[in-house]
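>>> Sharing a sequence plus its predicted fold:
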Amino acid sequence: MIVVLLGPPGAGKGTQANILCKSKELFHFSTGDILRDEIKKKSEIGQKIESIINAGKLVGDEIIIKIVEKILSEELSRNKGILFDGFPRNVDQARGFEELLKKKKQKIDCVIHILIDEEEIIKRIQKRQSEENRDDDNVDVLKSRLDVYLKETTPLIDLYKKNNILKTLDGMQAIESVSNDMSKSIDEI
Ligand code: ADP
């Protein structure tokens, strides 16, 4: 099973992905976590992408697609499925993803779109900044991340709506309510 989580920064994708992956035995694939890990390790990729992430911009598609290809090969057979958190993030990545999945005789089963308003996003990111100390969690960088989301990522909402695989959920609810909604969406697949 292939599930994609779509939503702006602060929508709760990571939190929900953690809950859902445990209950549904899915592999949690977070591009953000993998990229931050590369920075921490000071790997070749990490050095290339640090300033991009800290400016709130998107890392190049080529790097991302390579990471996705590796994860698909390693994790598909080991798990009931994969939950993609933070990928795809633009139309080119969506196209690249489709090709990779076709090669593996797979398709996206469900895209869960978490809806949340801007005021709440700012509140949550400020809270996370004080808890996790991520370099990209400050109001200036957040503006750029939101901008990128609106310009690059939201076109995917229409794309997946047309394919009839999009489910939109209210991300302003309590964590457990969002998880329940997500769980139901997955059970309906
Ligand atoms: P959030 O969704 O809260 O912004 P993420 O952890 O998903 O946080 O992403 C953090 C940063 O990692 C992004 O702002 C971007 O720089 C980079 N990133 C994550 N996923 C991708 C992707 N699929 N393509 C390009 N860059 C990405």
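Now that the structure is in, tell me what you want to look at. In this text the structure is predicted, and so the values were computed from the model without any measurement.
>>> for this protein, which spans come out with low pLDDT?
Within the chain, no stretch falls below the threshold (pLDDT under 70).
>>> Could you find the closest non-adjacent residue to the residue in the chain that the ligand sits nearest to?
Nearest residue of the chain to the ligand (Cβ to the nearest ligand atom) works out as residue 32 at 1.8 Å. The way it works is simple: take the backbone N, C-alpha and C, and place the C-beta from them, glycine included. In this structure, residue 32 finds its nearest non-sequential neighbour in residue 86, 4.8 Å apart by Cβ to Cβ, 6 or more residues apart in numbering.
>>> Please apply the same query to residue 50.
residue 39 (5.0 Å).
>>> The one you found: what's it in contact with?
Neighbouring residues of residue 39 by Cβ atoms under 8 Å, 6 or more residues apart in numbering: 46, 49-50, 53.
>>> rerun at 7 Å
Shown in contact with residue 39 (Cβ atoms under 7 Å, 6 or more residues apart in numbering): 46, 49-50.
>>> any chance you could map the strands in the chain?
For the chain, applying DSSP state E gives strands covering 2-6, 27-30, 82-85, 110-115, 166-170.
>>> Is it possible to get those strands out as CSV so that each row also shows distance to the ligand and mean neighbour count?
Shown next, in CSV, are the strands of the chain (distance: least, Cβ to the nearest ligand atom, whole Å; neighbours: other Cβ atoms under 10 Å):
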stretch, distance to the ligand, mean neighbour count
strand 2-6, 9, 24
strand 27-30, 6, 20
strand 82-85, 7, 24
strand 110-115, 10, 21
strand 166-170, 16, 18
